[in-house]
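>>> A predicted structure for the sequence below; I have some questions about it.
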Amino acid sequence: MEIRAFLTLDLAFIIVVYFAFLLFIHPPRTVTFPSLLGGLVMGLINILVDIVAYFTHVWHYTISGLTFHVPLPFYITPVLFYGSVVYLLIWRFWGGRKHWLALLLLIGIPIIGILRDLWGGLLAISPYNPMWSSPLSLILDVAMWGVMFYTGFFIFRKLAPTRDEVLAHEVRSERTVPSRQ
């Protein structure tokens, strides 16, 4: 029942907030699709590690309604926010005066994810958090966050043009469009 409650109450809100970020960041399609692909790779790695962790008895979910022993709808958050939105924000701030913010996101998001999982796995007892069952849980979680976040970011950087390239393309296209008078 908890998975259905999540789908009913949270999924629409998550998608609306994601579109609000897209509205304010206003990236071109050539950047939006690679960010979604990077986020999707991040989510898939997260699912695979959770399945491996379940079968190796490192951690498990206690919530009802699991598919393949993982709560599939929960992975929309890593795909859209920890992946796509963060990659878009890094892309937006990378070349400008707020380059420090892009670096902070690049380093800080995996650390925040690890700390969130540490809190949920050891201290906060909730069916929405995986229950850590092994001393290897922290090591696997640190490795998971490093691999999934930076793999998604690597894919995003390889496929998406830089902000300078996008701005240069916009300037060239404005010069070639005849003005209407």
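Here it is on my side, so go on.
>>> only C-alpha atoms for contact and neighbour calcs from this point on.
Noted.
>>> buried set for whichever helix or strand residue 6 is part of?
Taking DSSP states H and E as the definition, one finds residue 6 inside helix 2-6. Judged by neighbour count using 16 or more other CA atoms under 10 Å, the buried positions of helix 2-6 are residue 3.
>>> which residues touch the very next helix or strand once past it?
Sequence order places helix 12-25 as the next helix or strand after helix 2-6, per DSSP H and E. Applying CA atoms under 8 Å, 6 or more residues apart in numbering, the contact partners of helix 12-25 are 77, 80-81, 85, 88-89, 92.
>>> any idea how far residue 62 is from residue 84?
Note on residue 84: its distance to residue 62, by CA to CA, to the nearest Å, is 28 Å.
>>> comparing the two, which residue is more hemmed in?
When neighbours are counted by other CA atoms under 10 Å, residue 84 comes out ahead of the other of residue 84 and residue 62, with 29 against 16.
>>> residues touching the more buried one, list them.
Listed by CA under 8 Å, 6+ apart, the contact set of residue 84 reads 32, 35-39.
>>> residue 54: which of those residues is nearest?
For the contacts of residue 84, the residue nearest residue 54 by CA to CA is residue 39; the value is 22.5 Å.
>>> count the residues that sit near the closest one.
By the criterion of other CA under 10 Å, residue 39 has 32 neighbours.
>>> please apply the same query to the one 4 residues further on.
Counted by other CA under 10 Å, the residues lying close to residue 43 total 25.
>>> and residue 175, by the same measure?
Residues near residue 175, counting by other CA under 10 Å: 10.
>>> can you verify my assumption that residue 155 contacts residue 40?
No - judged on CA atoms under 8 Å, residue 155 makes no contact with residue 40 at a distance of 10.4 Å.
>>> just give the nearest non-adjacent residue to residue 77, would you?
Using CA to CA, 6 or more residues apart in numbering and skipping residues adjacent in sequence, the residue nearest residue 77 is residue 14, 7.4 Å away.
>>> quick check: pLDDT value at that neighbour.
On pLDDT, residue 14 comes in at 91.
>>> lovely, talk soon.
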